[in-house]
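1. Sequence first, then the predicted structure:
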Amino acid sequence: MTNEYFDAEDEIFSDMDAPVDLVGIRRGLETIAESIATGAIGKTEYFQGADVLITPVTRPDAGGPFSDYLEVITEYPAQVSWLFFQLRDCFESFCNFQNKYWFYATLAEATNVAISAQTPAPHEDLLTTLEGPLRAAFHIHAALARSAITDA
């Protein structure tokens, strides 16, 4: 997967001070994937943070406080938000106050690509939508493993 956010991988990974729990991240990703595969998909409040906003509709306040946010407009904002929160917990040992913007923007871009790839379908498919950010998360894990950031 390549996009403007993944172009920053080398810089993001080289700035890591603490070790990353690669085994824990992989286990978490597998658990999340299994939950999705079995239909155990949760619903949460809509995700809003790190300059990303998940919403069911475009915001009319283009000049408002969220004008710089990357929007994910989906028919399933509660489920996509659930996945973002699950991935946040999974990548807890990786995300920090600096790289969280890259992390969530990467997930949001992957979600938007998954949604736009479904057009002109009349309705968005939940599993196809969730596949985008989940694949991005597996890619981030693989990139972390390649960068030789490991447990102590």
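-> It's in. Numbers count the residues shown, from 1 in each chain.

2. Run through the neighbouring helices and strands of the lengthiest helix in the chain.
-> Using DSSP state H, we find that the single longest helix of the chain is helix 126-146. Helix 126-146 is packed against helix 9-14, helix 22-37, helix 77-90, helix 100-116, with contacts defined by 3 or more C-beta pairs under 8 Å, 6 or more residues apart in numbering; DSSP states H and E. (C-beta placed from N, C-alpha, C; glycine too.)

3. Could you tell me the least trusted of those helices?
-> For those, the weakest mean pLDDT is recorded on helix 9-14, namely a mean of 59.

4. Across the sheet, point out what pairs with the closest residue to residue 58 other than its chain neighbours.
-> Nearest non-adjacent residue to residue 58, counting by C-beta to C-beta, 6 or more residues apart in numbering: residue 73, 5.8 Å away. Beta-bridge partners for residue 73, by DSSP bridges, are residue 55.

5. Tell me how many other residues crowd residue 73.
-> 16 (other C-beta atoms under 10 Å).

6. Mind pulling up the pLDDT for it?
-> For residue 73, the model assigns a pLDDT of 94.

7. does residue 127 really touch residue 38, like I thought?
-> No - in terms of C-beta atoms under 8 Å, residue 127 does not count as a neighbour of residue 38; the distance is 11.5 Å.

8. quick one, what contacts the most centrally placed residue in the chain?
-> Nearest to the mean C-alpha position of the chain, counting by C-alpha atoms, centre = their mean, stands residue 107 at 2.7 Å. Contacts for residue 107 (C-beta atoms under 8 Å, 6 or more residues apart in numbering) come out as 52, 84, 87, 133, 136, 137.

9. And the closest residue to residue 49 other than its chain neighbours, how far from residue 40?
-> By the measure of C-beta to C-beta, 6+ apart, the closest residue to residue 49 outside its immediate chain neighbours is residue 104, 6.9 Å from it. Here the criterion is C-beta to C-beta, to the nearest Å. By it, residue 104 lies 23 Å from residue 40.

10. All set, thanks.
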